[in-house]
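1. Build me a model from this:
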Amino acid sequence: MKSVGGLILAVVGVTLAGLILPPSAYADARYVKSFPAQGSNVGAGTKIVSMVFSERLNQQGSSITVIGPDGSRADQGDSRVDSDNPYGQSMRASLKSGLRPGKYTVKWTTVSAVDGHTLSDSFSFTMTPFLTSEPAPGAELKGIPSMVKIGFGERLNPTGSSITVTGDDGARVDQGDASVEGDQMTMHVFLKPGLKGGKFFVKWTVVSAETGDVITDSYGFYAVRWQPAPAPPTPLESAGVPTASSRPAILPKSGGLPIALPLGAGSTFIVAGLVLRKLVPQR
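-> Numbers count the residues shown, from 1 in each chain. Coordinates of the predicted model:
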């Protein structure tokens, strides 16, 4: 009976410990989020891999390794606990320059600074040759742009490379004239005139001139029709006094001074002549 009672007490003790102790007392430093995110597409300008974990990390034993599409190492071997994070829960590694498009695998290992537990796992993201665009992804514009222009990190094959732009209703709003420019690293397409404002979606497909890889991605931007604000009224106009800009001009049919000027002058001379004739005695 004593052994049974002791077993019961042990079970109760373990249960109470699990209820009383905070999760950080027994949990591992698990993946919370990252940049690039799992399964995301990022541009060729991506410079780092940054990760956030559920616990404070021990620099000794915690690491990030990035493997490129050809199996070679793509990071610079400088993974470290991020000093910018006051809680010591993030880690980063720098990427090499000139990385080719494709799928990259991030392998990470964490050593918890709380309980010393070690945990390892991995995730992947895809690097595209996309570098810059006009309009930029997520931009909010006053005025409808005349074209969409995208710059890439490597030479493109004009055959198979394309850009299409659609509006809110899914209808195509570009003119279907997408082309690769002379530098072979920039592509543009003109938009139809007279477009209404709203959300626009850009879908691009590029074929690498070097590897033949085909990569497709998309982004959106928002634009509204721009109208200049009317000029504020002058102080005289605010007081209800007609000004030169508000009075209609009396113009001659063809050139010269306004008709009202010679007519007014002639009328003045006629009236003056009549008055003098009455005042001066006749002989």
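2. who's the residue nearest to G160 when sequence neighbours are not counted bridged to?
-> Nearest residue to G160, sequence neighbours excluded (Cβ to Cβ, 6 or more residues apart in numbering): V207, at 4.0 Å. Placement of C-beta: from N, CA and C, glycine included. On the basis of DSSP bridges, V207 is bridged to V214.
3. likewise V202?
-> The partner residues for V202, given DSSP bridges, come to V165, Y219.
4. check contacts around it.
-> S133, V148, I150, I163, T164, V165, S218, Y219, G220, F221 (Cβ atoms under 8 Å, 6 or more residues apart in numbering).
5. Quick one: buried ones out of those residues?
-> S133, V148, I150, I163, T164, V165, Y219, F221 (16 or more other Cβ atoms under 10 Å).
6. Show me which of those is closest to L57.
-> Set against L57, the nearest of the buried ones among the contacts of V202 by Cβ to Cβ is Y219 (33.5 Å).
7. what's that closest one in contact with, if anything?
-> Contacts of Y219 (Cβ under 8 Å, 6+ apart): S133, P137, G138, F201, V202.
8. Greatest separation within those residues: which pair is it?
-> Checking the contacts of Y219 with Cβ to Cβ, the most distant pair is S133 and F201, at 12.7 Å.
9. Mind picking the lowest-pLDDT entry from the contacts of V202?
-> Least confident of the contacts of V202 in the model: S218, at 89.
10. pretty sure that one is touching W204, no?
-> Yes. Between S218 and W204 there is a contact at 7.1 Å, judged by Cβ atoms under 8 Å.
11. Same list (the contacts of Y219) but as CSV, adding distance to D213.
-> Below are the contacts of Y219 laid out as CSV (distance: Cβ to Cβ, whole Å):
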residue, distance to D213
S133, 20
P137, 21
G138, 26
F201, 23
V202, 20
